[in-house]
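Enquirer: Sequence first, predicted model second:
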Amino acid sequence: MANLNKVMLIGRLTRDPEIKVFGNGGKVANIGFAVNNRRKNKDSGQWEDVPVWLDLKVFNREPGPKKADLAESSLKKGQQVFVEGHLVLEEWAGKEDGKKMSKLVIYVDNFEFLEKREGGMGGGMGGGASRGAAKPAGGGDDIEEVPF
């Protein structure tokens, strides 16, 4: 039986990346992320956005691209990005009671900027999503490809 664990999202960062450096020199960028689901309000009949809050993790890989470094230097709260990744169930013991805890996290494999970065230039899409798939809230359609 085949399995597939792939996540593709367009959303906004809810906070600046938080960086953790490991003793072995590895690095991870922890990112708060939100996407909206649309639903019709049964009372008013109006469509409304319902946010879904997610946790993303971007790692530096050895050997390979330093995506956590890129996230740290380029991503900021409020920025819209396209994310590709996979789901991971993280489990740990609670600090106070040792109770087993868990949550689903998205480990990011690739990401693309959907808005101009501060001081950066817009670029074209190299693949993945089409240019018409999402427009930044500001009305422009500048999309910058992340070199990996």
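Expert: Here it is on my side, so go on. Numbers count the residues shown, from 1 in each chain.
Enquirer: so where is the protein shaky, pLDDT-wise?
Expert: For the chain, applying pLDDT under 70 flags the ranges 117-148.
Enquirer: the strands in it, which residues?
Expert: 7-13, 18-21, 27-40, 47-59, 80-93, 100-113 (DSSP state E).
Enquirer: Would you indicate which residues of the fifth one are buried?
Expert: What that stands for is strand 80-93. Q80, V81, F82, V83, E84, G85 (16 or more other Cβ atoms under 10 Å). C-beta: built from backbone N, CA, C; applies to glycine.
Enquirer: rewinding a little: I'd like the strands of the chain written out as JSON lines, with distance to E72 added.
Expert: Shown next, in JSON lines, are these (distance: least, Cβ to Cβ, whole Å):
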{"stretch": "strand 7-13", "distance to E72": "12"}
{"stretch": "strand 18-21", "distance to E72": "5"}
{"stretch": "strand 27-40", "distance to E72": "6"}
{"stretch": "strand 47-59", "distance to E72": "9"}
{"stretch": "strand 80-93", "distance to E72": "14"}
{"stretch": "strand 100-113", "distance to E72": "13"}
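Enquirer: which residues touch the residue nearest to T14 when sequence neighbours are not counted?
Expert: Leaving aside its chain neighbours, T14 sits nearest to G32 (3.7 Å; criterion: Cβ to Cβ, 6 or more residues apart in numbering). If you count contacts by Cβ atoms under 8 Å, 6 or more residues apart in numbering, G32 has them with L13, T14, R15, W53, L54, D55, L56.
Enquirer: partner residues bridging G32?
Expert: D55 (DSSP bridges).
Enquirer: now do the one 5 residues further on
Expert: Assessed by DSSP bridges, N37 has beta-bridge partners V50.
Enquirer: Do I have it right that it meets V50?
Expert: Yes. N37 lies in contact with V50 (Cβ atoms under 8 Å); the separation is 4.8 Å.
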